[in-house]
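Participant: Have a look at this prediction, sequence included:
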Amino acid sequence: MEGTGFIEFVDLCYRLEKERGKKGKVGLLKRFLKGLRREEIASAILLTTARIFPLRDKRKLNISASTLSKVLKDTGPPPGSPTLTIGDVHATFSAIASVTGKGATSRRERTLKELLERATGPEREWIVRIIIGEMRHGAGEGLLLQALAELAGLPLETMERAYMVTGDLGRLGEIVLTEGRKGVEGLSIRPFTPLKPMLAEMACDIDKVLREHGGTSAFEYKFDGARVQIHRQEERIAIFTRHLKEVTESLPDVVKRVEEGVSARDVILDGEVIATGRDGRPLPFQDLMRRFKRVYDIGRMVEEIPARLYLFDILYLEGRPLIDLPYRERRERLEALCHKEIVAPARVMSEKGEVERFLDQAIEVGHEGLVAKALDSRYTPGKRGKRWFKLKPAETLDLVIVAADWGHGRRKGWLSNYHLAVRDRDTGDYLPVGKTFKGLTDKEFEEMTRRLLLLKVGEEGFTVFVRPRVVVEVAYNEIQKSPTYPSGLALRFARIKRIRDDKGPEDADTIERLRRLYLKQFERKARRL
Ligand code: AMP
């Protein structure tokens with residue numbers, strides 16, 4: 001057998017599955033990686049995370065669950081002893097992913113069957129887990145990075161950053177094991193190797209955002225589109241999604257905008273593409289997705305759903321990474337090198353009222369909200385943090401108070417933690433979906449305590465149950481599934497915006513609306529490219 005046996009990989013996986021502790025798992029990974037040949041390292045690392053290719057590689061295995069079970073049924077008994085190498089398995093997967101054209105499905109099935117026929121029982125089990133994409137051995141990217149950091153003698157943070165720069169865990173492992181610490185430290189951003197984009201944390205409170213950013217922040221529209229990273233060197237231009245997939249072919253109009261509107265020739269830019277209607281207003285995200293998925297008849301799509309490009313960052317220029325420069329300086333360069341029309345407008349502001357007006361304006365012209373960026377912030381690839389905040393107008397719900405807990409500490413003597421409920425139109429019941437003690441002034445707490453005591457129908461421990469009469473407008477950050485509430489849903493970070501004396505319980509929002517909002521939010525999450 002040329003190379004390390006696949007059975008050794010299988011053995012590692014079983015051990016990882018059995019080992020509960022993180023330290024133990026990292027130890028197993030280190031020992032295994034050290035024993036590999038140079039040419040096996042990348043494949044073995046990728047297979048450990050159930051991947052065949054690095055993130056940016058567009059190829060897919062294209063084996064469905066039903067194909068897999070059909071092939072498994074057709075496969076004869078396993079051989080008595082293992083003969084496959086890690087290289088064999090990886091190469092076969094690559095071959096399967098490269099099959100295209102007429103009869104592709106049956107050719108894929110044949111190749112998979114041949115592979116399975118050469119695999120012993122345990123090997124088959126792990127080949128299947130790789131295909132399904134669920135290893136369930138508890139050693140994901142995080143622990144692999146830890147193992148690589150320890151092997152290179154570098155802090156985890158350095159390894160994480162190196163990963164963001166290469167976007168390829170397999171290649172990173174190869175560098176660690178062949179070039180060591182020096183190799184990792186020498187890694188640097190370069191065109192056509194996409195890096196993970198920087199992300200923003202959610203915020204609803206403009207004051208808090210300004211405070212976090214030292215009183216002043218740069219605000220840009222939050223476009224409801226798809227993140228793009230654009231790499232250019234001389235004539236070549238490539239566009240990558242936030243998951244580092246290349247989508248250049250589907251976006252010839254964006255390529256053209258870059259050719260015409262960017263003067264730099266050796267550059268990496270970050271931005272958002274949105275679909276627009278004939279009137280120039282943003283179209284829903286689904287329309288844009290039709291553009292991204294399109295591989296044929298692209299010309300017609302370009303006409304039907306024109307895309308607009310808004311650049312908001314520059315990460316590399318003429319041989320030099322710029323991610324460690326402060327936002328302010330990156331922005332200056334971006335503006336100097338790109339046509340105004342393709343740069344996201346940014347406004348530096350320190351007044352809450354001004355920010356609110358800009359937020360209203362963003363919604364008015366059809367965007368999602370604003371993104372606030374700290375003027376002195378570095379670009380941290382792949383990180384979601386407080387240096388960038390996304391600000392959306394908070395969604396609110398009108399909910400009914402059905403119970404309240406007696407407060408303690410400063411709130412002693414007040415009913416201060418309110419149980420909030422939605423209306424069930426079918427049964428007329430009020431179903432609790434969250435609790436909050438946030439949002440009222442001391443005076444309002446006092447007043448509310450008096451009102452609720454008049455509506456009291458029972459008491460249990462600290463909780464006073466009341467007739468559902470008082471309606472409050474509640475803001476929240478997220479709707480979550482809840483195992484405890486019978487409604488099945490719960491609000492995260494609920495806070496009272498206003499007491500709605502103008503509304504009665506029959507005006508409160510319904511469980512149907514909450515379910516719809518939950519699904520909408522779910523779609524948003526799922527669709528992130
Ligand atoms: P979310 O997907 O909700 O975490 O929001 C972050 C996303 O907002 C980013 O990945 C971008 O695709 C998008 N976005 C829209 N406008 C901007 C902007 N001006 N700056 C940064 N990200 C933006």
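Facilitator: Yep, it's here.
Participant: What helices and strands are in contact with whatever helix or strand residue 40 lives in?
Facilitator: Following DSSP states H and E, one finds residue 40 within helix 38-48. Where contact means 3 or more C-beta pairs under 8 Å, 6 or more residues apart in numbering; DSSP states H and E, helix 38-48 is packed against helix 6-18, helix 22-34, helix 86-98, helix 169-185. All C-beta atoms are positioned from the backbone trio N, CA, C, and that covers glycine.
Participant: and the angle for it with helix 169-185?
Facilitator: Angle of helix 38-48 versus helix 169-185, following axes from the mean of the first three to the mean of the last three C-alpha atoms, to 10 degrees, is 120 degrees.
Participant: on that earlier part again, looking at the helices and strands packed on helix 38-48, which is nearest to the ligand?
Facilitator: For the ligand, the closest of these is helix 169-185, at 21.3 Å, according to C-beta to the nearest ligand atom.
Participant: what about the helix or strand just after that closest one, average pLDDT?
Facilitator: From helix 169-185 onward toward the C-terminus, using DSSP H and E, the following helix or strand is strand 199-203. For strand 199-203, the mean per-residue pLDDT is 88.
Participant: what does this protein put close to the ligand?
Facilitator: With C-beta under 6 Å from any ligand atom as the criterion, the chain meets the ligand at residues 197, 199-200, 220-223, 227, 242, 272, 312, 344, 371, 390, 528.
Participant: switch to 5 Å and redo it
Facilitator: 220, 222, 223, 227, 272, 312, 344, 371 (C-beta under 5 Å from any ligand atom).
Participant: now the last one, what's its secondary structure?
Facilitator: Judged by DSSP: H, G, I helix; E, B strand; the rest coil, the three-state class of residue 371 is strand.
Participant: got any ranges where the stretch 351-500 of the chain has weak pLDDT?
Facilitator: Filtered on pLDDT under 70, the stretch 351-500 of the chain yields no residues whatsoever.
Participant: Now render the helices and strands packed on helix 38-48 as TSV, adding mean neighbour count, mean pLDDT and distance to residue 247.
Facilitator: Converted to TSV, the helices and strands packed on helix 38-48 look like this (neighbours: other C-beta atoms under 10 Å; pLDDT from 0 to 100; distance: least, C-beta to C-beta, whole Å):
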stretch	mean neighbour count	mean pLDDT	distance to residue 247
helix 6-18	19	97	33
helix 22-34	17	97	33
helix 86-98	19	96	18
helix 169-185	19	94	21
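Participant: who wins for proximity to residue 292 among those helices?
Facilitator: helix 86-98 (20.3 Å; C-beta to C-beta).
Participant: Residue 124 touches residue 79, doesn't it?
Facilitator: No: counting by C-beta atoms under 8 Å, residue 79 is not a contact partner of residue 124; they are 10.6 Å apart.
Participant: Of those two, which one has the most company?
Facilitator: More crowded of residue 124 and residue 79, by other C-beta atoms under 10 Å: residue 124, with 18 against 14.
Participant: tell me the phi and psi of the more buried one?
Facilitator: Per-residue torsions, residue 124: phi -60, psi -40 (degrees, to the nearest 10).
Participant: Now it: closest residue in space, sequence neighbours ignored.
Facilitator: residue 116 (5.8 Å; C-beta to C-beta, 6 or more residues apart in numbering).
Participant: Count the residues that sit near the one you found.
Facilitator: Applying other C-beta under 10 Å, I find that residue 116 has 20 neighbouring residues.
Participant: Widest-spaced pair of the residues of the chain next to the ligand?
Facilitator: 220 and 227 (13.3 Å).
Participant: Pick out whichever of the two has more residues nearby.
Facilitator: residue 220 (23 against 18).
Participant: how about that one, secondary structure?
Facilitator: Per three-state DSSP, residue 220 ends up strand.
Participant: Report the contact partners of it.
Facilitator: Going by C-beta atoms under 8 Å, 6 or more residues apart in numbering, residue 220 touches 312, 344, 345, 346, 347, 370, 371, 373.
Participant: which outside residues touch stretch 116-125?
Facilitator: By C-beta under 8 Å, 6+ apart, stretch 116-125 touches 6-7, 10, 14, 71-72, 75-76, 78-84, 88, 127.
Participant: do that again at 10 Å, thanks
Facilitator: Applying C-beta atoms under 10 Å, 6 or more residues apart in numbering, the contact partners of stretch 116-125 are 5-7, 9-11, 13-14, 68, 71-72, 74-84, 88-89, 92, 115, 126-128.
Participant: What distance separates the opening and closing residues of it?
Facilitator: End-to-end distance of stretch 116-125 (C-alpha to C-alpha, to the nearest Å): 10 Å.
Participant: State the mean pLDDT of it.
Facilitator: Rounded mean pLDDT across stretch 116-125 is 97.
Participant: Mind jotting down where the strands sit in the stretch 101-250 of the chain?
Facilitator: 199-203, 217-222, 226-233, 236-240 (DSSP state E, counting those that start in this stretch).
Participant: Adding distance to residue 248, write the ones you listed out as TSV.
Facilitator: Putting the strands of the stretch 101-250 of the chain into TSV (distance: least, C-beta to C-beta, whole Å) gives the following:
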stretch	distance to residue 248
strand 199-203	23
strand 217-222	25
strand 226-233	9
strand 236-240	5
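Participant: Return the most buried member of these.
Facilitator: Most buried of these, by mean neighbour count (mean count of other C-beta atoms under 10 Å): strand 217-222, with a mean of 24.
Participant: Direction included, what does that strand pair against?
Facilitator: Strand 217-222 has its sheet partners listed here by DSSP bridges as strand 346-349 (antiparallel), strand 369-373 (antiparallel).
Participant: And the very next helix or strand once past the first one, what does it pack against?
Facilitator: Read it as strand 346-349. With elements assigned by DSSP H and E, the helix or strand that comes after strand 346-349 is helix 352-364. If you count contacts as 3 or more C-beta pairs under 10 Å, 6 or more residues apart in numbering; DSSP states H and E, helix 352-364 packs onto helix 206-212, strand 217-222, strand 346-349, strand 369-373, strand 384-391.
Participant: So what touches the shortest one?
Facilitator: Applying C-beta under 10 Å, 6+ apart, the contact partners of strand 346-349 are 206, 210, 216-221, 312, 327-328, 331, 334-335, 354-355, 357-358, 370-373, 375.
Participant: Over to the longest one?
Facilitator: Residues external to strand 384-391 that are found in contact with it (C-beta under 10 Å, 6+ apart): 198-206, 208-210, 212-213, 217-220, 222, 327, 355-356, 358-359, 362, 368-380.
Participant: For the helix or strand that that strand is followed by, list the C-alpha coordinates in PDB.
Facilitator: Using DSSP H and E, the helix or strand that directly follows strand 384-391 along the chain is strand 396-406. As requested, the backbone C-alpha atoms of strand 396-406 are provided in PDB (Å, rounded to 0.1, in the frame of the first residue of the first chain):
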ATOM      1  CA  THR A 396     -42.100  45.200  17.600                       C
ATOM      2  CA  LEU A 397     -45.100  43.200  18.700                       C
ATOM      3  CA  ASP A 398     -48.100  44.300  20.700                       C
ATOM      4  CA  LEU A 399     -48.400  41.800  23.600                       C
ATOM      5  CA  VAL A 400     -50.600  41.400  26.500                       C
ATOM      6  CA  ILE A 401     -49.400  41.200  30.100                       C
ATOM      7  CA  VAL A 402     -50.800  38.000  31.600                       C
ATOM      8  CA  ALA A 403     -48.700  37.800  34.800                       C
ATOM      9  CA  ALA A 404     -45.900  39.600  36.700                       C
ATOM     10  CA  ASP A 405     -43.300  38.700  39.200                       C
ATOM     11  CA  TRP A 406     -42.600  40.800  42.300                       C
END
